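In: requesting a structural model of the entry that follows:
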Amino acid sequence: QVQLVESGGGLVQAGGSLRLSCAASGRTVSSYAMAWFRQAPGKEREFVAAISWSGGSYYYADSVKGRFTISRDNAKNTVYLQMNSLKPEDTAVYYCAADPSLASLRSRSYKYWGQGTQVTVSS
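Out: The predicted structure is shown next:
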């Protein structure tokens, strides 16, 4: 069993930056694909970014490409999401996800999920 705990969310002004962290416990996730999803009020959960187990492959939603960067530190069992040039439309609860299979853009592909961290971007 894998437990995921997100941190780093908060309130930031438009144009600002935040760095989210997702710490895994229970077992090593060094061979797992990891991803970030987000869900805004009244909207469905959407894909943000994913990274392969090796860190060699990355995938981003078009809406965050060039602004967000996903990375991982397998020695720390942690994945990160660096968010720059934040916009009010980035406001959402951000979730970390993990799965032992290949990285995917689909939420149903991920077996393990964190509880989420709130990101609020003010205009």
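
In: doesn't Tyr95 fall inside a strand?
Out: Yes: assigned with DSSP: H, G, I helix; E, B strand; the rest coil, Tyr95 falls within a strand.

In: what is the burial count for it?
Out: A total of 23 residues lie near Tyr95 under the criterion other C-beta atoms under 10 Å. Where you see a C-beta, it was placed from the backbone N, CA and C, and this is true even at glycine.

In: measure it to Ser123 for me?
Out: 24 Å (C-beta to C-beta, to the nearest Å).

In: same question, Ala75
Out: 39 Å.

In: who's the nearest residue to Leu18 once chain neighbours are set aside bridged to?
Out: Nearest residue to Leu18, sequence neighbours excluded (C-beta to C-beta, 6 or more residues apart in numbering): Met83, at 4.9 Å. Beta-bridge partners for Met83, by DSSP bridges, are Leu18, Phe68.
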